[in-house]
Each structure stands twice: as structure tokens, then as C-alpha cells.
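Enquirer: need coordinates for the following:
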Amino acid sequence: MTSLPGGTNHASAGTAHHGTDRDGTDRDGERVERPALVCARCGTPAEGLPPTWTCSVENGARRYFCDACSRENLRSIEGRLDSAWW
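Expert: This next block holds a predicted model:
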């Protein structure tokens, strides 16, 4: 089993993981509010669930990029450069 960033191993710690489903509800069917997504490059806020946005994990943190920024920097993304180098 692998541990999550930060060294916490939830399985050995005796805590259950309560994720959310794709429809934004938890396993009990209750609505879960997700934080609003904002493009990490240009600051554009996402309207609803953005299926065309790109998610990048850099230094253990998720960063989201709008479709315009993703398109403009496609070669850098494919080259696996961190966004600081774009």
C-alpha cells in the first residue's frame, strides 16, 4: 500500500476514506460542496464541472488550467514541464 503525500497512511491509521462520486454527492447521498476551480495561470473561474480543463500535480499540489491556457502550453504540458517554466 502506498501512502498519501505528507506521510499519512489512512489504512493503518484506522480512518475511512469518504470520497465523493462524480455527481458531487458523498457515499451517503448528501450533497458535497466543492471549492470553485480557478485557472492557476490566468485566474479564469470555472463554470460548473469543467471537462476540458487540465489538472496537473506539481510538488504534491493539484493545479487546474483552463482550456485556453492548456491549449497555449500544450507542448510544455506534454513535455511534463512544471507550469513555472511555461
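Enquirer: just for the protein, where's the confidence low?
Expert: Along the chain, the parts satisfying pLDDT under 70 run over 1-26, 29, 32.
Enquirer: just the strands in it please.
Expert: Under the criterion DSSP state E, strands of the chain are mapped to 54-58, 61-65.
Enquirer: and of those, who's closest to Cys39?
Expert: Between Cys39 and those, the shortest gap by CB to CB is with strand 61-65, which sits at 5.5 Å. For the C-beta atoms, the positions are set from N, CA and C on the backbone; glycine is no exception.
Enquirer: on contacts alone, who are the packing partners of the closest one?
Expert: For strand 61-65, the contact count by 3 or more CB pairs under 8 Å, 6 or more residues apart in numbering; DSSP states H and E identifies strand 54-58 as packing neighbours.
Enquirer: give the buried residues for the strand it packs on.
Expert: 54, 56 (16 or more other CB atoms under 10 Å).
Enquirer: partners of that strand in the sheet?
Expert: strand 61-65 (antiparallel) (DSSP bridges).
Enquirer: about what we covered before: would you turn the strands of the chain into CSV with distance to Thr44?
Expert: Output for the strands of the chain, formatted as CSV (distance: least, CB to CB, whole Å):
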stretch, distance to Thr44
strand 54-58, 13
strand 61-65, 9
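Enquirer: alright, that wraps it up for me.
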